[in-house]
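In: Sequence first, then the predicted structure:
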Amino acid sequence: MSSMKTLKVLACVLWSGAILGLPQAAHAAELKLLSSLGLKPVVDALVPEFERETGHKVAVRFALTPQIPQAATESPGFDVAISDPKHIADMIAQGTVRAGTATNIARFGMGVGVRAGATKPDVGTPAALRSAVLKFNSIGYVAVGSTGPVVRGMLGKLGIAEQALPKLKAGGVAENLGGVSSGSVDAVLMPVPLITAAKGVELAGAWPAELQDYIVMTGGVSSATKTKTEAEALLKFFMSPKADSGVVSRGYERID
């Protein structure tokens, strides 16, 4: 067969493959990640690594954990969502997250943050934490987030809800941390990783084990995603051994 005929045959084969939907060359995908602020330090660290390794691009949108289900129904939608197990389960029941994709990425505990350079109070025992909270004049926390009920529950367990609740200053994550950094708020009761990642704020200590209430961050793939394979790859990347150091070094724990 002449070279010209060979080229014509090859061209026909390639054209037929395209028409029949045979696999074509891999291409970069544009993914949308809707994540709880509770996992922000990990997302900020790992997404660029995923993009470098795969060539895919990830647009990240953060929201408070309880706001994730509602945000998932809004434009521009999502390919992967990260919230707590309850909200991901609700989204599966509602059909917005694909069944069988729920994945527990990590968990975090609660801590006390104070202004950088300030004397750190002892919060290592229930008695010490109780004493520290009673001495603070103002305490920042995220009232409408998943940690709001946890904070109020802890104060109740210590038997100081009546004295401490008037001191609580409800606000967003950045607002509360900024208040501590500027000195307008004495302390924050917030997830340990968010405290350690903040500028101008230092971790006085995690809550004692008797009062600790861990919050799990769970991911899931959108039922409506048009990039299912790539979305699953992003979720798997968060769970990969190479991502472990990026998770643990930021104050999170893997779940056995």
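Out: Thanks, I have it.
In: My read is that residue 77 contacts residue 224, right?
Out: Yes. Using Cβ atoms under 8 Å, residue 77 makes contact with residue 224 at a distance of 6.9 Å. (C-beta placed from N, C-alpha, C; glycine too.)
In: Quick one: neighbours of the nearest residue to residue 161 once chain neighbours are set aside, just the number.
Out: Once flanking residues are discounted, residue 161 sits nearest to residue 155: 4.5 Å by Cβ to Cβ, 6 or more residues apart in numbering. As a burial measure, residue 155 scores 24 neighbours (other Cβ atoms under 10 Å).
In: Only alpha carbons, please: show the host helix or strand of residue 155 as CSV.
Out: Using DSSP states H and E, the element containing residue 155 is helix 147-157. The C-alpha trace of helix 147-157 is given here as CSV (Å, rounded to 0.1, in the frame of the first residue of the first chain):
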residue,chain,number,x,y,z
THR,A,147,-18.6,24.4,66.5
GLY,A,148,-21.2,26.8,68.0
PRO,A,149,-23.2,24.1,69.8
VAL,A,150,-19.9,22.5,70.8
VAL,A,151,-18.7,25.6,72.5
ARG,A,152,-22.0,26.2,74.3
GLY,A,153,-22.2,22.5,75.3
MET,A,154,-18.7,22.7,76.8
LEU,A,155,-19.6,25.7,78.9
GLY,A,156,-22.6,23.8,80.1
LYS,A,157,-20.5,20.8,81.1
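In: Report the mean per-residue pLDDT for that helix.
Out: Mean pLDDT, computed over helix 147-157, is 97.
In: coming back round to it: for the residue nearest to residue 161, give its distance to residue 130.
Out: Per Cβ to Cβ, to the nearest Å, residue 155 is found 9 Å from residue 130.
In: and what of residue 148?
Out: 20 Å.
In: now do residue 44
Out: For residue 44 relative to residue 130 (Cβ to Cβ), the value is 34 Å.
In: ok, the two, which is more surrounded?
Out: Between residue 44 and residue 130, counted using other Cβ under 10 Å, the more crowded position is residue 130 (20 against 15).
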